[in-house]
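A.B. asks: sequence and predicted model, in that order:
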Amino acid sequence: MLPYVLRRLSFLFFVLLALSAIVFLLLALVPGDPALAILGPYATAERLTDLRRELGVEQDPLTRYLSWLARLLHGDLGRSFAFDRSVSELVLERLGPTLLLAGTALGTGTALGLGAGALAAAHRGSVDRMLTLLSLAGISTPAFWLSLIFVLLFAVTLPWFPVSGMTAAVGAGAGSVADVVHHLVLPSGVLALVIAGIVARLMRAQMLEALSQDYTRVARARGLPEAFVRYRHAFRSAAVHMVPVIGLQAGYALGGAIYVESVFQWPGLGRLLVEAILKRDLLLVQGGALVLAATYVLVNLATDLVHHALDPRTLEAR
Amino acid sequence: MSRFRLEPSRAHALHFVFGALALVFLAGTAATLSAPGTRALPDDVAVVALHAEPKSLDPHATTALNDFRVITSLYQGLVRFREGSLDIEPSLAERYTVTPDGLRYEFDLVRHERFHDGTPFDAEAVKFNFERMLDPRHPFHDTGPFPLAFFFDAVRSVRVEGRYRVVFELEEPFAPFLSNLAYPTGFMVSPAAVRRYGKFFGRHPVGTGPYRFAAWESHHRIVLESTPPRSPFSLIFRPITDEAARVAELRAGSIDLLPELSADTIASFRKADDFVVHEQVGPHLWFVILNARVPPFDDRRVRRAFNYAVDKRALVEHVLESTASVADGPIPSAFSWARNPDLEPYPYDPERARRLIAESGGIDRELVFQVPDGGSGMLEPVQMATAIQADLARVGVSLKIERFEWNAYLSTVNAGLGDGQHMAAMAWMTNDPDTLPFLTLRSGAHPPGGFNSGYYRNRAVDALIDEAHRATSRPRRAELYRRLARLVHDDAPWLFVASSKQNAVARRNLAGFALEPSFFLSFENVFKREIF
């Protein structure tokens, strides 16, 4: 297992290198002048030239990229001009809330999806049709639309949950665990519903396949009760095959967090990236994208390892 | 036997699936019941929405109106804009005098004023503030950059003449000097705090304003607390970048005041009982630069024709939903002391426009009209441009609209319009009637170096701007601006369109709040009252 982990980690290095080059190239192609963004429309030409020199944006992109890489090796992601703070400090501060949101959504969505998929496969007929319809609705509903509807319904019309943010701005108990959970329900709920839709569809298929396998037939032939066959044997086997799918959903949860965070003003990395892009804060975009990508790759590695641990045959096959 | 094994196993499988779910929903419900109530905000707190996370609360280091909304409660300047106007009155200076040649400004400071950190406010502090901004050799000049330091480029020296007396000597007469002192760039920061926090002063602001800084939790809230003699009252500023979220928060009752709503959103609050809509005309102007260097706009008749051809009232009422007023010339009407009362906006007269265009020999080609997608003060640029395009089509002029992202747009337009760029939308918000003409209409302000992007040139206008720029007597300046406004109105280097009314929606129980023409927010007298 160890050589495998090392090999995957070395891939991580190349993936991040390629990604940083692509992000850098894209941002170099985007029109707009960071010096103008900092100084505003009334800036004099002289001040603009000075600041461009100070920011190094007059150098060619390759030189800028290489000097950024050199600083990165010293753990320095640069300084965000839009927020006037160190990029690493900003990104790390925002990574926690994103992981909390994505993690909660992934956990809830997976549990919901596995359950619904298994039930649908086991109870063909009206239950199956209803669950299939619901999961299709989950997959095909745009999350940003669902977010707005949730806000309107459960925060404005029915004042059950807060509209936005991660903690309350005023009042006793602001910032407590209960307060954070209260704020977490709507945004993670939206993401979870979409994840649940996809997981349920695939789980249903896996479960149907498992139910038609020889070992389930043998189990039935041995006289084991049907529920036992379904939920003990078939469910376990199908769930193992769902692990890579759940890994992919982790990517969705991290990516989907970008717009759900914007609608719910969740103080995460996704919202930070959107603001950084709008403000032409190149170093912050670069740093944020890098950390988000690294998180995604590591989560995928972790799911693969879990998969191999649960089903060692998958490791041998490599 | 198997029955006994079956039940727990089945339950186990199902619990595995639904356990987590139930847990989350239970936790959510519990949290709903036990979490702090967000609906009823306390009486000693006003929660205000910001459009973005401020960059800095150092008044010298930032240019964003969003940041000024917090800054104006923390600091004061030597002078300030009188409540409800853009006239100047003393603030941290008890009185001031200007020598007749306009080169020497003497300020007697209020005595025994202290910064929020307890250090005294005196003439030395004033000197420190300006030298930090203006002198590259000052030990704390590196706590910048100071993008608006050019407001004080005319200052030759700041001299301390006694503990509470400070004298500014200017290189040349500079009429907007007092207005610039009333702007946040002229606010007084605590030298001791700058020495202590250095480059991070902007996150630990210390001034002399009616509120002191208490906390800044990034992307969550900024807390300010009132200072004596006012009874305890807090301001909480919440950066919410998405307009839909800001409006939802206001409707849900978790914020008290939301400034700057879009035209179509504000309409929905006008009839709501729980809210009060505040509006105030500001020193803002939305106009279209006409490239006077190339045909057809090198002909004054065509420039005037365009002003007649566009139905500005319809634009203001239908595109901007009455969130602006029709502009009559280059001086926004918010500068009430400087505006020309005889000036009327160009009436909508397509017939006259057609005649003027025909007299000039006609326009036989498609003209290029550049607009940004959005941007500071740009209102609804694309819809406005589309309406202008339709109006001009009615007088036989064909426009091609080219859209740009805001930063890219500024780079293009500020560099000066080229031969193929005939028209460009632009908006400015200023604090003195001098600023806009001086930077955008003088022939000495042609790019590069100036913002006269349409290359307008008129010697009489130049002479008036220069004289007004040097005059220090308010009545004399007012007279010059009136003449200037008439001249520019008739010469029509721009298509004059609209001055935006700033707006804010407050919950009905927030009292003592009014918008200022300066576009800044003042919370000095704000309180919450009971509604029956």
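C.D. replies: That came through, no problem. Numbers count the residues shown, from 1 in each chain, chains lettered A, B, ... in the order given.
A.B. asks: ok, now which ones touch B:Phe115?
C.D. replies: B:121, B:125, B:190, B:192-193, B:206-208 (C-beta atoms under 8 Å, 6 or more residues apart in numbering or on different chains). C-beta here means a position set from N, CA and C on the backbone, and glycine is covered the same way.
A.B. asks: repeat the analysis, applying 10 Å as the threshold.
C.D. replies: Applying C-beta atoms under 10 Å, 6 or more residues apart in numbering or on different chains, one finds that B:Phe115 lies in contact with B:75, B:121, B:125, B:188-193, B:206-209, B:212.
A.B. asks: again with B:Ser336
C.D. replies: B:85-87, B:281, B:478, B:517.
A.B. asks: can you turn the buried part of these into a PyMOL selection?
C.D. replies: Buried members of the contacts of B:Ser336, defined by 16 or more other C-beta atoms under 10 Å in any protein chain shown, are picked up in PyMOL with:
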select buried, chain B and resi 86+87+281+478+517
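A.B. asks: so what pLDDT did the most centrally placed residue in chain A get?
C.D. replies: In chain A, the centroid-proximal residue (C-alpha atoms, centre = their mean) is A:Leu254; its distance is 0.9 Å. You'll see A:Leu254 listed with a pLDDT of 84.
A.B. asks: from what I see, it and A:Leu101 are in contact.
C.D. replies: Yes: with contact defined as C-beta atoms under 10 Å, A:Leu254 and A:Leu101 form a contacting pair (9.3 Å).
A.B. asks: tell me the residues that contact both of those two, please.
C.D. replies: Common neighbours of A:Leu254 and A:Leu101, using C-beta under 10 Å, 6+ apart, are A:191, A:268-270.
A.B. asks: so which of these is surrounded by the most neighbours?
C.D. replies: With neighbours taken as other C-beta atoms under 10 Å in any protein chain shown, the top of these is A:Leu269, carrying 31 neighbours.
A.B. asks: lowest-pLDDT helix or strand in chain B?
C.D. replies: Least confident helix or strand, chain B: helix B:2-34 with a mean of 48, by mean pLDDT, DSSP states H and E.
A.B. asks: quick check: next helix or strand after that helix?
C.D. replies: strand B:45-50 (DSSP states H and E).
A.B. asks: so what secondary structure elements neighbour the helix or strand that that next one is followed by?
C.D. replies: Heading C-terminal from strand B:45-50, the first helix or strand you meet, by DSSP H and E, is helix B:65-74. With contacts taken as 3 or more C-beta pairs under 10 Å, 6 or more residues apart in numbering or on different chains; DSSP states H and E, helix B:65-74 sits against strand B:45-50, strand B:211-217, strand B:221-226, strand B:234-239, strand B:257-259.
A.B. asks: partner strands of the second one, parallel or antiparallel?
C.D. replies: Translated: strand B:211-217. According to DSSP bridges, strand B:211-217 forms sheet pairs with strand B:221-226 (antiparallel).
A.B. asks: for the contacts of B:Phe115, which one is nearest A:Leu73?
C.D. replies: Proximity of the contacts of B:Phe115 to A:Leu73 was ranked by C-beta to C-beta; the top entry is B:Ala193 with 36.0 Å.
A.B. asks: any idea how far the residue lying closest to the closest one once chain neighbours are set aside lies from B:Pro191?
C.D. replies: Closest residue to B:Ala193 apart from its sequence neighbours, by C-beta to C-beta, 6 or more residues apart in numbering or on different chains: B:Val206 at 3.7 Å. Per C-beta to C-beta, to the nearest Å, B:Val206 is found 10 Å from B:Pro191.
A.B. asks: got any residues that touch both of the two?
C.D. replies: With C-beta under 10 Å, 6+ apart as the test, B:Val206 and B:Pro191 both reach B:115, B:117, B:119.
A.B. asks: of the residues you listed, which belong to helices?
C.D. replies: For those, not one is inside helices, with DSSP state H as the criterion.
A.B. asks: residues contacting A:Leu69?
C.D. replies: For A:Leu69, the residues meeting the contact criterion (C-beta under 10 Å, 6+ apart) are A:17, A:20-21, A:24.
A.B. asks: nope, A:Leu254 is what I was after
C.D. replies: Residues in contact with A:Leu254 (C-beta under 10 Å, 6+ apart) are A:98-99, A:101-103, A:105-106, A:191, A:268-270, A:292-293, A:295-296, A:299.
A.B. asks: helix, strand, or coil at it?
C.D. replies: Assigned with DSSP: H, G, I helix; E, B strand; the rest coil, A:Leu254 falls in the helix class.
A.B. asks: that older thread, isn't the residue nearest to B:Ala193 right up against B:Arg212?
C.D. replies: Yes: between B:Val206 and B:Arg212 there is a contact under C-beta under 10 Å: 7.9 Å.
A.B. asks: how near is the closest residue to B:Thr472 other than its chain neighbours to chain A?
C.D. replies: Nearest in space to B:Thr472, with sequence neighbours left out and distances taken as C-beta to C-beta, 6+ apart, is B:Gly102 at 4.0 Å. Noted for B:Gly102: a distance of 23 Å to chain A, by C-beta to the nearest C-beta, to the nearest Å.
A.B. asks: no more questions from me, cheers.
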